[in-house]
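Colleague: Just to be clear, the model below is a prediction. Sequence and coordinates:
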Amino acid sequence: MTARRGQVRVVEAVLAVFMVVAVVLLLMQFTRPLRSVYIRETSDLRRLGYNLLNSMAENNVYEKVLGDLIYEASKRFSSSGRCPEGWEENRLNDLAFFASTVLPQGLLFRMDVYTVQYDLAGGRAVLCPLGYAANFDVGKVSMTEAEPIIYTYVCTGDPDRVRGSVLLVHLTIGYSG
Amino acid sequence: METVLEYLAVALLLVVIILAAHQMLSAPAATLDTVRQEQLYTVAERVLDKIVLTPGFPEDWGTNIAVSADNLQDFGLALAGSREPYRVDPDKVMRLANLSTLPNPLLLNASRLAQLLGLEGYGYRLRIVPMLRVIIMPIGYYTYGNYRYASTFRVRVENIQGLGVPNADVTGMYVIVRAQPGASDATVEAKNVSTARALTDALGECVLDFTPSLQQYFSSPQNRPDKWYFTFLIVHVEWRGFASVAGYATNAYGDAPAEGYIIGNYVFVNRTISPTPIIKGNKRSGAVLVKDELLQAVPEYQELLNFTAVVWCRDSTGGYRDDDPLCNNAGKVLPSAKQWYLIGYIRYVEPLASHVFIFAQFRGNPIAIVVNRIPSIDISSGRGAVPANAVRLTRMCTVYNYPFLVELTVWREVEGFP
């Protein structure tokens, strides 16, 4: 009888240990902090993105790389009052090559560029897409820990025919995975 | 039988307790790793901001030769007084440069830098490199009299990762300054500038050939072999609005120490160099400041060359000159540099000049010494290896309106890399 009581206590002790360990591990899962490292990474991505776009603006890269497209889009909008159709699917390979040359390795980006046109009769601003630059296949690869950046720019450099044009650049920069 | 069961149960209990203890100990380790990595990001961001957005103290520490690594109180590379962020002071960058051919007399070394940035206990690597790196390789020479000049160059334009940049517009400016050697000086008679342009190919390379220009130049009866010719090449690269520049001493051969430093107004070159007083018109000269930033904008390339005087702190007997106030000052501040360098000063250094070419003699031959005012920097507290758990941040900055990348990598020394 005494021996049986001893066995029961051993079984009880085993069960108790299991329960304590299970509860502790469960609590540890809940109390684990958010992966704050990602917050840091994306905050730095935002700064890097603005840094890139601003650096391109200071060196008149937009005018030199997109000058012809900006002029053509403005001309078509002036004549028809509408943005050129299907241009949102234009791949801006020059711009993509430029950005991938400058950015650190391992980063994914997609840069959508629009010209801001003014419909004076309708009293509204219209965004006309010029295309996009990306260093990955946006249909196949998903981006994580990404940061969106919106930047507006007034063309000031050569060629002269695009001077005064307003651009809106939407850059998404992040990591794959 | 019961006893055996009890022993088995106790053994099982022990195993469970050990496993649980192991699990409990390893679970927080992952959390701690996350926190530690976050700290590394914080440290790297804070340090990089300090480097590129603050000017340091004293604010003129880049040009003030009285400020050395020992008495610099606060480190920062930002241009003092600039309203634009990410504008870096080239004179401060120069303090970090250390040429393989000539040590920097006012070098701020990696350990002192770590101390000033509060990075003791961390490993770090700081790179300041042009967005477009220009590499000039001579591949052909032209011989005239006793002299041999590099005349054909392969120019490679690459990015920070070493990838060639295609379709970059490369302009080369080959400068020849002809001088009549005298007993103790030389008189500048004429300068000639030849240019060549090319686009880089798919690998980011192109060839600039100045051989026909040199043949034509030296076929003139005025350009006789008994004259002195100081020659150098400036290469300006423009790609999608971003520009870069490089200089090359085209008649330096063998072990000629064709590089130097300019810190503030002071010039430091190898002590084996003989200074050559150059007379241009009625003025004493000795160097050319090249305003290459304007190379694309000003078609008259000749106008980009500013002759300027260099006052050398060496007398005719080879001793150090203390009678000149500026030389005397340099001698007091840098007593050991008097023995190891030829020191001189330029009264006014053109702010737009990214290169200074100094006329001198090496073993009796005239050479032009290239002083690049915007050198590339790569300093590291370790041996160049970086652990996997390192944080790397990049910023695009401006030095003299040339785009540069500042890249900082930080890691913990305890993680295996000194």
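Modeller: Structure received.
Colleague: got the residues of the stretch 251-400 of chain B near chain A?
Modeller: By Cβ under 8 Å from any Cβ of the partner chain, the part of the stretch 251-400 of chain B that sits against chain A consists of B:Arg392, B:Leu393, B:Thr394, B:Arg395, B:Met396, B:Thr398. From N, CA and C alone the C-beta is placed, and that goes for glycine too.
Colleague: Tell me the pLDDT of the fifth one.
Modeller: In this model, B:Met396 is scored at 90, pLDDT.
Colleague: show me the contacts for B:Arg363.
Modeller: By Cβ atoms under 8 Å, 6 or more residues apart in numbering or on different chains, B:Arg363 lies in contact with nothing.
Colleague: In contact with the closest residue in space to B:Ala246 that isn't next to it in sequence, which residues are there?
Modeller: Nearest non-adjacent residue to B:Ala246, counting by Cβ to Cβ, 6 or more residues apart in numbering or on different chains: B:Val134, 3.9 Å away. Contact analysis of B:Val134 by Cβ under 8 Å, 6+ apart lists B:Val155, B:Arg156, B:Val157, B:Val235, B:Val237, B:Ser244, B:Val245, B:Ala246.
Colleague: go again using 6 Å as the cut-off
Modeller: B:Val157, B:Val235, B:Val237, B:Ser244, B:Ala246 (Cβ atoms under 6 Å, 6 or more residues apart in numbering or on different chains).
Colleague: Grab the two from the residues of the stretch 251-400 of chain B next to chain A that are most spread out in space.
Modeller: Spatially, the most separated pair among these is B:Arg392 and B:Thr398, at 20.9 Å (Cβ to Cβ).
Colleague: out of these two, which sits in the busier spot?
Modeller: More crowded of B:Arg392 and B:Thr398, by other Cβ atoms under 10 Å in any protein chain shown: B:Thr398, with 19 against 16.
Colleague: Please verify my assumption that that one contacts B:Pro85.
Modeller: No. Using Cβ atoms under 6 Å as the test, B:Thr398 is too far from B:Pro85 to be in contact (9.5 Å).
Colleague: got a pLDDT number for the residue nearest the centre of chain B?
Modeller: Nearest residue to the geometric centre of chain B (Cα atoms, centre = their mean): B:Pro375, 1.2 Å. pLDDT recorded at B:Pro375 is 83.
Colleague: And the closest residue to it other than its chain neighbours, how far from A:Leu27?
Modeller: Nearest non-adjacent residue to B:Pro375, counting by Cβ to Cβ, 6+ apart: B:Ala97, 4.0 Å away. To A:Leu27, B:Ala97 is 55 Å away according to Cβ to Cβ, to the nearest Å.
Colleague: Among these two, which residue is more densely surrounded?
Modeller: Taking other Cβ under 10 Å, B:Ala97 and A:Leu27 do not tie; B:Ala97 has more neighbours (21 against 10).
Colleague: Do you have the strands of the stretch 101-250 of chain B handy? List them.
Modeller: Counting by DSSP state E, counting those that start in this stretch, the stretch 101-250 of chain B has strands at residues B:122-130, B:133-144, B:147-158, B:169-181, B:186-199, B:205-209, B:228-239, B:242-249.
Colleague: rewinding a little: which of the contacts of B:Val134 tops the neighbour count?
Modeller: Among the contacts of B:Val134, B:Val157 has the most neighbours (other Cβ under 10 Å), with 27 neighbours.
Colleague: Please name the bridge partners of that one.
Modeller: On the basis of DSSP bridges, B:Val157 is bridged to B:Val134.
Colleague: wait, it sits on B:Val237?
Modeller: Yes. Between B:Val157 and B:Val237 there is a contact at 5.3 Å, judged by Cβ under 6 Å.
Colleague: which residues are in contact with both of the two?
Modeller: B:Leu132, B:Val134, B:Ala168.
Colleague: Okay, now the unreliable bits of chain A?
Modeller: Low-confidence segments of chain A (pLDDT under 70): A:1-4, A:29-42, A:177.
Colleague: Show me the strands in it, by range?
Modeller: A:108-119, A:124-134, A:143-154, A:166-176 (DSSP state E).
Colleague: Need the ones you listed in TSV (columns: distance to chain B).
Modeller: Shown next, in TSV, are the strands of chain A (distance: least, Cβ to the nearest Cβ, whole Å):
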stretch	distance to chain B
strand A:108-119	13
strand A:124-134	12
strand A:143-154	13
strand A:166-176	12
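Colleague: could I get these as a markdown table with distance to A:Arg91 and mean neighbour count?
Modeller: Shown next, in a markdown table, are the strands of chain A (distance: least, Cβ to Cβ, whole Å; neighbours: other Cβ atoms under 10 Å in any protein chain shown):
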| stretch | distance to A:Arg91 | mean neighbour count |
| --- | --- | --- |
| strand A:108-119 | 11 | 20 |
| strand A:124-134 | 6 | 18 |
| strand A:143-154 | 17 | 16 |
| strand A:166-176 | 16 | 19 |
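Colleague: neighbours around A:Val14, how many?
Modeller: By other Cβ under 10 Å, the residues close to A:Val14 number 16.
Colleague: ok, it - contacts?
Modeller: B:Leu13.
Colleague: How far does the longest helix along chain A sit from its chain's centre?
Modeller: Secondary structure of chain A per DSSP state H: the longest helix is helix A:2-31. Averaging C-alpha positions (Cα atoms, centre = their mean, to the nearest Å) puts helix A:2-31 49 Å from its chain's average.
Colleague: Buried residues in that helix, which are they?
Modeller: For helix A:2-31, burial by neighbour count (16 or more other Cβ atoms under 10 Å in any protein chain shown) applies to A:Val10, A:Val14, A:Val21.
Colleague: What helix or strand is the nearest residue to the last one once chain neighbours are set aside located in?
Modeller: Across the structure, with Cβ to Cβ, 6+ apart as the measure, the residue nearest A:Val21 apart from its sequence neighbours is B:Ala20 (4.1 Å). Here B:Ala20, judged by DSSP states H and E, is contained in helix B:2-53.
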